[in-house]
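[1] A structural model of the following input is requested.
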Amino acid sequence: MKTFTQNMLVVFLVMISINCWSQCAVVNNTTPDQTSNNCTAYLADFIPHPNDSVLEVNLRIWLFNETNGSGNWSNNTVISVDAMIANINTNWSNLQIPNLVVSGVQHLQSSKINFIRKGGFQPINNSTYYHDYNAAKAAYYDQNAINIYFLEDPNSNSGIPGGIVPLNIIIYNSDNQTIYTDLSNLPLRDMDHELGHALGLEHTWLLPPTMMFNGGNFSNTNENCCPTLAPNDYHKEYVHTPATPYNYTNGDEWNLHGDCNALSAKHSNNIMGYNKNCRNYLSPLQLALMHYNLRTNFTHVLTSNSYNNHFVRNSSLDYVVQNGSGGETWTENRYFKGNITVKSGNKLEILCKVGMAKNTYIIVEKGAQLVIGAGGELTNISCQFWGGVLVQGSTNLAQIVNGTTGFATNQGVARVINGGKISNAENGIKNYTTY
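    Next up, the predicted model:
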């Protein structure tokens, strides 16, 4: 990856445009970032905002029958498949209030995630694939979608087949499920639950508690943030009393299946719980983790429209550094969907990784200062390019920098020092005439 790292000072008058194009690569790195260990605070930057675009996730539906066309799913058509997806989207845009409320946690009605059927739909009549998930996957699989397999394999369980999540595979096995001849009548709370797993969410009853599914971690990409992430904005569920968490090996989790009218401390309505058809809620941080994954190591399941157009600047989330004490210092990773403006008389010092959305800028006003220091990096985390740093000032006035404070009265100042970086930017730092 190409990055701009040299030590330098930029004041307005210098005519400089630093290109920071890079080859974007997604890597696995589970080493915690030593400059940032408050992962919950960083994750909160990904909580969907009411003005955010709805992210579109591809679903690829593979439905198998016997070679002669018979089978438990044989009556389904593209109409029933599309009805199923429409029902899922209704659920995900109308999340309900939690029955177990965590004080101070905001309820978000919409997940800001919408599922789209990718490609055509035609049942596949092949007895080998109908009875063998592994054979079916080998023949029918789309890397750029969440693949949902409907079949009857006595050797496979329904749900996520395993592996580090986000994982783009869901199995619906009629051999160990009630048979549904019409997918529009599928118990969607089950499908909602499995889609939550596919996008990275863990059960709400796991001990020790974690939000991330099956060993997945919050550092699956070059974010390098945290190896674990414990939830703090929804209730963990219990099977017996609040003092006795579930024992998975004893099958305690299956005791959660309760009456929707008898919700209690052990019967949450969280989609990632086990209270069956009562599941209709996701917490803000659960939503944030899915949105983080869709912006990093799971961008490939998005529609091209969503990837190209839905990660752009949200002007309602522009951020202004205007502190009465003269500025801010950031030491914990951040993500911004809008511009950052450093106002005159203020200094922003960045000593952590800061992700910037596509088409966003950091604007350093005349009389303001930006310092990207040790451990600091301005970048885009979605294999796209953000705009870069714009330094404002007056072309016809002197460039005099105060040697003590680092400020210039008539110019904005940007410094990249001590290994600081700017990457994945259209122009790393550029002067910008406004006066």
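[2] And stretch 117-133, how far out from the chain middle?
    Taking Cα atoms, centre = their mean, to the nearest Å, the mean C-alpha location of stretch 117-133 is offset from the chain mean by 30 Å.
[3] Pull out the buried residues from it.
    Going by neighbour count (16 or more other Cβ atoms under 10 Å), the buried part of stretch 117-133 is 117, 118, 121, 123, 124, 125, 126, 129, 130, 131, 132, 133. From N, CA and C alone the C-beta is placed, and that goes for glycine too.
[4] All the strands of the stretch 251-400 of the chain, in order from the start?
    Here the stretch 251-400 of the chain has its strands, by DSSP state E, counting those that start in this stretch, at 319-321, 327-330, 334-336, 340-342, 347-350, 353-356, 361-364, 369-372, 377-379, 388-393.
[5] and after the last one, which helix or strand comes next?
    On the C-terminal side of strand 388-393, the closest following helix or strand by DSSP states H and E is strand 413-416.
[6] That next one pairs with which strands, parallel or anti?
    Strand 413-416 has its sheet partners listed here by DSSP bridges as strand 8-11 (antiparallel), strand 369-372 (parallel).
[7] just to revisit the earlier point, reformat the strands of the stretch 251-400 of the chain as JSON lines; add distance to residue 302 and mean pLDDT.
    Below are the strands of the stretch 251-400 of the chain laid out as JSON lines (distance: least, Cβ to Cβ, whole Å; pLDDT from 0 to 100):
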{"stretch": "strand 319-321", "distance to residue 302": "25", "mean pLDDT": "96"}
{"stretch": "strand 327-330", "distance to residue 302": "28", "mean pLDDT": "93"}
{"stretch": "strand 334-336", "distance to residue 302": "17", "mean pLDDT": "95"}
{"stretch": "strand 340-342", "distance to residue 302": "25", "mean pLDDT": "97"}
{"stretch": "strand 347-350", "distance to residue 302": "28", "mean pLDDT": "97"}
{"stretch": "strand 353-356", "distance to residue 302": "17", "mean pLDDT": "95"}
{"stretch": "strand 361-364", "distance to residue 302": "24", "mean pLDDT": "97"}
{"stretch": "strand 369-372", "distance to residue 302": "30", "mean pLDDT": "97"}
{"stretch": "strand 377-379", "distance to residue 302": "19", "mean pLDDT": "96"}
{"stretch": "strand 388-393", "distance to residue 302": "24", "mean pLDDT": "95"}
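[8] Residue 185 is nearest to which of those?
    With Cβ to Cβ, the closest approach to residue 185 among these belongs to strand 334-336: 39.7 Å.
[9] tell me what the closest one is packed against?
    Strand 334-336 is packed against strand 353-356, with contacts defined by 3 or more Cβ pairs under 8 Å, 6 or more residues apart in numbering; DSSP states H and E.
[10] Output the contacting helices and strands for the strand it packs on.
    With contacts taken as 3+ Cβ pairs under 8 Å, 6+ apart, strand 353-356 sits against strand 334-336, strand 377-379.
[11] got TSV for these, with mean neighbour count too?
    Converted to TSV, the helices and strands packed on strand 353-356 look like this (neighbours: other Cβ atoms under 10 Å):
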stretch	mean neighbour count
strand 334-336	20
strand 377-379	25
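[12] can you give me the helices for the stretch 101-250 of the chain?
    Ranges of helices in the stretch 101-250 of the chain, per DSSP state H, counting those that start in this stretch, are 127-130, 133-139, 188-198.
[13] Tell me which of these sits most buried.
    helix 188-198 (a mean of 21; mean count of other Cβ atoms under 10 Å).
[14] okay, that one in CSV with CA atoms only?
    Coordinates of each C-alpha in helix 188-198 appear next as CSV, following Å, rounded to 0.1, in the frame of the first residue of the first chain:
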residue,chain,number,x,y,z
LEU,A,188,-38.5,-15.3,9.2
ARG,A,189,-37.2,-14.8,12.8
ASP,A,190,-35.0,-17.8,12.1
MET,A,191,-33.8,-16.3,8.8
ASP,A,192,-33.2,-12.9,10.5
HIS,A,193,-31.1,-14.7,13.1
GLU,A,194,-29.0,-16.5,10.5
LEU,A,195,-28.5,-13.3,8.5
GLY,A,196,-27.2,-11.7,11.7
HIS,A,197,-24.7,-14.5,12.0
ALA,A,198,-23.7,-14.1,8.4
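[15] chain center to that helix: distance?
    For helix 188-198, the separation from the chain centroid amounts to 16 Å (computed by Cα atoms, centre = their mean).
[16] which strands and helices sit next to that helix?
    Under the contact criterion of 3+ Cβ pairs under 8 Å, 6+ apart, helix 188-198 touches helix 78-92, strand 169-173.
[17] most tightly surrounded among the ones you listed?
    The highest mean neighbour count among the helices and strands packed on helix 188-198, using mean count of other Cβ under 10 Å, belongs to strand 169-173: a mean of 21.
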